[in-house]
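J.: model the following, please.
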Amino acid sequence: MAEHAARIDYRAVTKRFTRKGRRQRGAAEEIVAVTDVNFAVGNGEVVALIGPSGCGKSTLLNMGSGLYQPSAGEVYVDGERVDSPNSHVAFMLQKDLLLPWRSIRANVEFGLEIRGWPRKDRRDRALDLLDKCHLSHFAEHYPHQLSGGMRQRAALARTLAVDPSVLLMDEPFSALDAQTKMILQQDLAETVSGQGKTAVLITHDLIESIALSDRILVMSQRPGRIIREIPVDLPDRENPMARRQHRRVGEYVAELMALLDVGGHVADEVI
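T.: Prediction:
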């Protein structure tokens with residue numbers, strides 16, 4: 001991928017954390033979360049990160065958003081080095097984190113309000129996004145009045161409202177039942193494709209990674225490294241329900257399972 005085409009770019013990124021040791025009072029213990037991670041995501045591309053729990057997937061997203069700084073290496077968004085929280089990226093998490101005292105419309109407006117948008121402009125944008133997310137009839141409802149799937153739709157609308165360059169998604173559908181998850185995957189895929197958004201998706205669901213992404217990056221156990229990049233050569237990325245039915249899905253699942261190993265181990269070396 002040409003460097004100028006990258007929306008988000010991780011260059012030789014390593015992240016170390018220091019925590020108080022458990023065995024000796026006051027002793028510090030260094031933990032290497034990820035080491036020498038290199039990958040870039042192009043404009044309009046969706047990349048899925050998979051790997052064992054604790055391998056540093058969320059740490060990578062946090063560095064991409066500027067919440068953490070790399071111990072070594074650099075992260076760039078739109079060609080600018082990320083050294084603090086920035087407005088170019090937006091998070092969508094497993095928990096919707098909607099503000100319970102604000103209506104759904106007001107929740108979607110929240111980021112625009114912080115940025116100083118005029119009341120009418122932010123209202124119009126919120127209502128337009130809620131319509132696209134099939135929530136136009138619930139704009140004045142409150143979070144406790146919506147189902148889990150509807151709340152995640154509202155969270156997606158809120159994420160898109162600020163028009164980020166990059167969407168960072170950390171298992172956004174893992175808490176939902178299977179049917180609701182597939183519906184939300186479809187909504188997300190259509191929206192991301194329709195708006196040409198760039199996204200990095202963390203998931204433990206192998207089928208989800210295949211259905212939603214252009215590439216899958218497989219990470220090792222901690223300290224996390226990229227051990228395999230798998231291009232997803234399937235049509236209809238904007239239609240994950242159709243992708244699920246493709247005859248080659250089983251081949252991708254088998255390849256991913258071999259890398260991750262059903263027994264819980266991950267390949268120790270880059271393949």
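
J.: distance of the residue most central in space within the chain relative to residue 91?
T.: By CA atoms, centre = their mean, the chain has its centre lying nearest to residue 169, at 1.8 Å. Distance, residue 169 to residue 91, by CB to CB, to the nearest Å: 8 Å. (Glycine included, C-beta is placed from N, CA and C.)

J.: go on, residue 257?
T.: 29 Å.

J.: the more surrounded of those two?
T.: When residue 257 and residue 91 are compared for neighbours, residue 91 comes out ahead with 18 against 11, by other CB atoms under 10 Å.

J.: show me where the stretch 51-200 of the chain has helices.
T.: With DSSP state H, counting those that start in this stretch as the criterion, the stretch 51-200 of the chain has helices at 57-65, 104-114, 119-132, 148-161, 178-195.

J.: quick one: those as TSV, columns for distance to residue 84 too.
T.: Formatted as TSV, the helices of the stretch 51-200 of the chain follow (distance: least, CB to CB, whole Å):
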stretch	distance to residue 84
helix 57-65	10
helix 104-114	16
helix 119-132	24
helix 148-161	20
helix 178-195	26
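
J.: verify the stated contact: residue 255 with residue 230.
T.: Yes: Residue 255 lies in contact with residue 230 (CB atoms under 8 Å); the separation is 6.6 Å.

J.: count residues in the vicinity of the closest residue to residue 168 other than its chain neighbours, would you?
T.: Once flanking residues are discounted, residue 168 sits nearest to residue 61: 4.5 Å by CB to CB, 6 or more residues apart in numbering. Neighbour count of residue 61, defined by other CB under 10 Å: 23.

J.: what of the one 10 residues further on?
T.: A total of 17 residues lie near residue 71 under the criterion other CB under 10 Å.

J.: got it, and residue 248?
T.: Using other CB under 10 Å, residue 248 has 12 other residues around it.

J.: same check on residue 115?
T.: Using other CB under 10 Å, residue 115 has 11 neighbouring residues.

J.: that one contacts residue 162, doesn't it?
T.: Yes: the criterion here is CB under 8 Å, and residue 115 meets it with residue 162 at 7.0 Å.

J.: so what sits against both of the two?
T.: Jointly contacting residue 115 and residue 162 under the rule CB atoms under 8 Å, 6 or more residues apart in numbering are residue 87.

J.: partner residues bridging residue 170?
T.: Applying DSSP bridges to residue 170 yields these beta-bridge partners: residue 93, residue 202.

J.: ok, the residue nearest to residue 168 touching residue 166?
T.: No: using CB under 8 Å, residue 61 is not in contact with residue 166; the gap is 9.9 Å.

J.: mutual contacts of the two, please.
T.: Shared contacts of residue 61 and residue 166, defined by CB under 8 Å, 6+ apart, comprise residue 200.

J.: can you map out the strands along the chain?
T.: Secondary structure of the chain by DSSP state E: the strands cover 6-20, 28-42, 46-50, 72-77, 80-81, 89-93, 166-170, 198-202, 215-219, 226-231.

J.: so what pLDDT did the residue nearest to the centre of the chain get?
T.: Residue 169 is assigned 93 on the pLDDT scale.

J.: residue contacts, it?
T.: By CB under 8 Å, 6+ apart, the contact list for residue 169 reads 91-93, 199-202.

J.: and of the residues you listed, the nearest to residue 103?
T.: residue 92 (19.7 Å; CB to CB).

J.: roughly how far apart are residue 51 and residue 179?
T.: From residue 51 across to residue 179, the span is 27 Å (CB to CB).

J.: wait, I meant residue 52
T.: Counting by CB to CB, the gap from residue 52 to residue 179 is 27 Å.

J.: neighbour count for the two, which is higher?
T.: For residue 52 versus residue 179, neighbours defined as other CB under 10 Å are more numerous around residue 52 (18 against 9).

J.: my guess is the more buried one meets residue 260, correct?
T.: Yes: the criterion here is CB under 8 Å, and residue 52 meets it with residue 260 at 7.2 Å.

J.: can I get the helices of the stretch 51-200 of the chain in CSV with mean pLDDT?
T.: Converted to CSV, those look like this (pLDDT from 0 to 100):
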stretch, mean pLDDT
helix 57-65, 94
helix 104-114, 93
helix 119-132, 92
helix 148-161, 89
helix 178-195, 88
